[in-house]
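Chemist: here is my input; please provide its structure:
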Amino acid sequence: MNEHFFQCPYCWEEISVLLDPSINHQTYIEDCEVCCRPIEFEVAFEDGELVQFEVRDIEQ
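Modeler: Take a look at the predicted model:
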C-alpha cells in the first residue's frame, strides 16, 4: 500500500489515502475524513508506479 496526500475538493484540507499498486486502474468513491463529503478517485499504476491520481467532487 502507498500513502498519497492530496487536497479535498470541498474543504481544501490536506488528507491522505492508501493506494493499492497491485490494481492497475481504480475508480471509487470515498468520503473526506475531515468534512465527510463524497470524493470520486481515479487512480492508475504502471509497473507499481503511480501515473494518474485525480479527485473530483460529486455533489451537484
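Chemist: so residue 31 makes contact with residue 37?
Modeler: Yes. Between residue 31 and residue 37 there is a contact at 6.6 Å, judged by C-beta atoms under 8 Å. In short, each C-beta sits where N, CA and C put it, glycine included.
Chemist: of these two, who's got more company?
Modeler: Of the pair residue 31 and residue 37, residue 37 is the one with more neighbours under other C-beta atoms under 10 Å, namely 14 against 11.
Chemist: who's in contact with that one?
Modeler: Contact partners of residue 37, counting by C-beta atoms under 8 Å, 6 or more residues apart in numbering, are 8, 10-11, 31, 57, 59.
Chemist: residue 5 pairs with what?
Modeler: Taking DSSP bridges as the rule, residue 5 bridges to residue 16.
Chemist: and it, how close does it get to residue 59?
Modeler: As judged by C-beta to C-beta, to the nearest Å, residue 5 and residue 59 stand 22 Å apart.
Chemist: now residue 40
Modeler: 10 Å.
Chemist: who has more neighbours, those two?
Modeler: Neighbours were counted for residue 40 and for residue 59 using other C-beta under 10 Å; residue 40 has more, 14 against 8.
Chemist: what helix or strand does the most centrally placed residue in the chain sit in?
Modeler: Taking C-alpha atoms, centre = their mean, the centroid of the chain lies closest to residue 41, which sits 4.3 Å from it. Following DSSP states H and E, one finds residue 41 within strand 38-46.
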